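Q: Pasting the sequence and the predicted coordinates here, then a few questions.
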Amino acid sequence: MMAFGTRITILRNKARALWREAKSSILVALFLALILTTAALLTEWRGAVVANDAIEAMREGRDVAVDANDRPETILARVAFLTARSEVDRARALVETLDRSGSIETRARGHYLLANALLRKAFDHVERSQLEAANPFVNLAKREYRRALQLAPDYWDAKFNLDVAARLVRDFPDFERKSGDELSADPKKLWTDIPGKPKGLP
Amino acid sequence: MRIACVALMLAAALPAFAQETTVRIRSARPFGYFVGDLIHARIDVSAPADAVLSRASLPNPGPLTGSLDLRDVKLSDSSESGARLWRLDLTYQNFYVALDARDIEIPGFELSISTATGAQTVAVPAWRIGVSPLREIAPQKQEQASDYLRPDGSSAFVDEATPLNLAFGAGAAALLALALVARDRAWPPFQQRKARVFSALARQISTRRAADDANLAVAIQSVHRALDQANGAILLSGDLPEFLRRRPEFKPLRADFERFFETSKRLFFGGESSKDDSAAEQLAQFVGRLARQERAG
C-alpha cells in the first residue's frame, strides 16, 4: 500500500499536468467572459444614464415619452409628472404597467401618486361644493391608498393620506353590518373636519 | 414575529370537547394599531392525538371586511404529550381609519377536525384589537385643501454608480486576463521570456524525490542535460570558466559547480554506488540554487 503522502504527491502532479494542459484555453475563456461582462455592465450604465436624463427632464417639467419597456424608475417619474398635472387616466395606465414590472416599492409609490391626484381632484369638487361629484374620486383614492399599503405596509405618507381621504367619505356599510351603535355615534363628528368645507357655515 | 406571550383570551371551545380541544389566541399587542399596520396573531389549537385538521377549513387570505385584510396564514403542527397542537400564524392588515382610539373586531372562524369519534368543528372566537387615529379630529385650518395631504415626494433616480464601478472592475480584470494570455502565448512584450530550465528541473527532481524513486545517476544526468541546454553546447568541467563568464548570474555558485562535477565524475567513473542520500540532498540544493539564480538573472 502506498504511503498517504505519496498518493497526495501523485494527485498533485496529475492536477499540475492537467492545469498545464488546460491553462491556455482557460485563460482565453476567462478573458472573453470578462470582456462580455464589461460590455454588459457598460450597457447597463448607459441605460441608467439615459433613464436619469429622462427623470431629470420630467422633474423639471418637460414631458418625455415613456413606454412599457422603460425602467420602472422612468415610468414612475412619468406617473409623477402626469399626476402632478391631474392627468389621472393616463397615469393609471402607467401604474398598471408598473404593476407588471416594477419592484414592490415602485408599485406602492405609483399607487400613492395616483391616489394623491385623485384626492386632489376630489378636493377641487368639494371646494366648489360639488359633494356628489367628489364622492367617487375619494373612493377611488382610498382604493389606491389601500393598494399602496397592501404592497408596503410601512408607507407612512400613504397611511396619513388614507386617513384624510377616509374622513371625507366614511365606509358606512361596513359599520351597519358589524355593529349598529358605532354608526349612531359617528356622523356628527364626521363632517366637521371636511377640509374643503365652504367657509362661513357654522 | 415578536409575539409576546400576552394571552388575549383563553377560550375553551364547545363544552362537549372542553377537556380535549382548546383554542388560545395570542397577539404581539392588542392595542395601538394605525391604519395599514400589520396585526400578527398566533392561534394555538390543541386537540386529541388522533385528530386530523382539514386544511380546507383554514381561513383564506383576502379581504375579510371592508377594513380588514387577512394577508398570510401559516400552519405548523406538532404533537405534545399525547395531544395534537396546531399553531396558526395569521397576519392581518388593518384598514380601519379611526377617529379615536377604539376596539375593532377580528372575526372568528371555524376549523374542521376529524377524530376517531367523528368530525368536529372548533370555533376560533372573534377577538378585539385597539386601533388608534393618526391625526387630530379637527386638524389646523390650512390655506388649501391639498395642504392636508402629505406631499407627493420627488422621483428617485436610477443607480448609475454601481454598474459603472463594476464595469471598471471587470474591465481591469479583463486587461489582466489579456496580459496573462499574452504571457502564456509569449506575445509581445513577453516574447523575450527565457525558458526556465533549472526551475523546471528543480520541480522535476523534488517530485521524483517525493515519489521515492530517486536515482542519483539519473538525476545527475538530467542536471547535465539542463546545464548543456543553458550553455548551448555540452558543458564539461573544463568549460566552466567560459560558461560563468557568459552567464555571470551563476558566478556565486562556482564552488557548487565544482563539487557537482566532482560527484559526477566519482559516480560515473569511480564506480560509487548510486544510492547516496547525502549526495542526492546536495544535488537537490544545487539545482534549487541554480533555479534561484536563473530567476534572479
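A: Right, received. Where do you want to start?
Q: A:V95 contacts A:R109, correct?
A: No - A:V95 is beyond contact range of A:R109, at 9.6 Å (criterion: C-beta atoms under 8 Å). All C-beta atoms are positioned from the backbone trio N, CA, C, and that covers glycine.
Q: Look up how far chain B lies from A:Y155.
A: Separation of A:Y155 from chain B (C-beta to the nearest C-beta, to the nearest Å): 7 Å.
Q: What is the burial count for that residue?
A: By other C-beta atoms under 10 Å in any protein chain shown, 21 other residues sit near A:Y155.
Q: Next: B:R208.
A: 18.
Q: domains in chain A, as residue ranges please.
A: If you go by automatic domain parsing, the domain ranges for chain A are A:44-85, A:103-197.
Q: Lowest average confidence across those, which one?
A: With a mean of 78, domain A:103-197 has the lowest mean pLDDT of these.
Q: hmm, back to that, residues in contact with both of A:V95 and A:R109, list them for me.
A: By C-beta atoms under 8 Å, 6 or more residues apart in numbering or on different chains, A:V95 and A:R109 have no common neighbours.
Q: which residues touch A:Y145?
A: With C-beta under 8 Å, 6+ apart, A:Y145 has these contacts: A:H111, A:Y112, A:A115, A:A158, A:N161, A:L162, A:A165.
Q: quick one: which of these sit in helices?
A: Cross-referencing the contacts of A:Y145 against helices under DSSP state H gives A:H111, A:Y112, A:A115, A:A158, A:N161, A:L162, A:A165.
Q: Ignoring the adjacent residues along the chain, who's closest to the spatially most central residue of chain A?
A: Nearest residue to the geometric centre of chain A (C-alpha atoms, centre = their mean): A:T106, 1.8 Å. Residue nearest to A:T106 in three dimensions, not counting chain neighbours: A:P72, with 4.5 Å by C-beta to C-beta, 6 or more residues apart in numbering or on different chains.
Q: what do you get for B:K74?
A: In space, B:K74 is closest to B:D89, 4.2 Å off (C-beta to C-beta, 6+ apart).
Q: Now that neighbour: phi and psi?
A: phi -100, psi 110 (degrees, to the nearest 10).
Q: want to try a markdown table for the contacts of A:Y145, with neighbour count and distance to B:S54 as columns?
A: Shown next, in a markdown table, are the contacts of A:Y145 (neighbours: other C-beta atoms under 10 Å in any protein chain shown; distance: C-beta to C-beta, whole Å):
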| residue | neighbour count | distance to B:S54 |
| --- | --- | --- |
| A:H111 | 26 | 37 |
| A:Y112 | 28 | 40 |
| A:A115 | 29 | 40 |
| A:A158 | 28 | 38 |
| A:N161 | 25 | 42 |
| A:L162 | 28 | 37 |
| A:A165 | 27 | 40 |
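Q: Among those residues, which ones lie close to chain B?
A: A:A158, A:N161, A:L162 (C-beta under 8 Å from any C-beta of the partner chain).
Q: Backbone torsions only: list them for B:R71.
A: Dihedral angles for B:R71 - degrees, to the nearest 10 - are phi -100, psi -40.
Q: Keeping just the C-alphas, turn the helix or strand where A:E132 lies into CSV.
A: Element membership for A:E132, per DSSP states H and E: helix A:131-151. Only the C-alpha atoms of helix A:131-151 are listed here, as CSV (Å, rounded to 0.1, in the frame of the first residue of the first chain):
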residue,chain,number,x,y,z
LEU,A,131,-70.0,66.9,-3.0
GLU,A,132,-71.8,64.3,-5.1
ALA,A,133,-69.1,64.6,-7.8
ALA,A,134,-66.3,64.4,-5.2
ASN,A,135,-67.5,61.1,-3.8
PRO,A,136,-66.3,58.7,-6.5
PHE,A,137,-62.9,60.3,-6.6
VAL,A,138,-62.5,59.9,-2.8
ASN,A,139,-63.4,56.3,-3.0
LEU,A,140,-61.0,55.6,-5.9
ALA,A,141,-58.3,57.4,-3.9
LYS,A,142,-59.0,55.3,-0.9
ARG,A,143,-58.7,52.2,-3.0
GLU,A,144,-55.4,53.2,-4.4
TYR,A,145,-54.0,54.1,-0.9
ARG,A,146,-55.1,50.7,0.3
ARG,A,147,-53.4,49.1,-2.7
ALA,A,148,-50.2,51.0,-1.8
LEU,A,149,-50.4,50.0,1.8
GLN,A,150,-51.1,46.4,0.9
LEU,A,151,-47.8,46.5,-1.1
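Q: gap between the lengthiest helix in chain B and the chain center?
A: Identified as the longest helix of chain B according to DSSP H is helix B:161-184. Here helix B:161-184 shows a centroid-to-chain-centroid distance of 24 Å under the convention C-alpha atoms, centre = their mean, to the nearest Å.
Q: counting contacts, what elements does the helix or strand that that helix is followed by pack onto?
A: With elements assigned by DSSP H and E, the helix or strand that comes after helix B:161-184 is helix B:197-210. Here helix B:197-210 touches helix A:4-59, helix B:216-231, helix B:277-296, going by 3 or more C-beta pairs under 8 Å, 6 or more residues apart in numbering or on different chains; DSSP states H and E.
Q: Compare the mean pLDDT across these and name the weakest.
A: helix B:277-296 (a mean of 80).
Q: tell me which residues in that one are buried?
A: Buried residues in helix B:277-296, counted by 16 or more other C-beta atoms under 10 Å in any protein chain shown: B:A279, B:A280, B:L283, B:A284, B:F286, B:V287, B:G288, B:R289, B:L290, B:A291, B:Q293, B:E294.
Q: ok, now stretch A:49-61?
A: Neighbour-count burial for stretch A:49-61, counted by 16+ other C-beta under 10 Å, picks out A:A51, A:N52, A:A54, A:I55, A:M58.
Q: Stretch A:143-154 too?
A: With the criterion 16+ other C-beta under 10 Å, stretch A:143-154 contains buried residues A:R143, A:E144, A:Y145, A:R146, A:R147, A:A148, A:L149, A:Q150, A:L151, A:A152, A:P153.
Q: separation between the first one and chain B?
A: According to C-beta to the nearest C-beta, A:R143 stands 10 Å off from chain B.
Q: contacting residues for that residue?
A: Counting by C-beta under 8 Å, 6+ apart, A:R143 touches A:A115.
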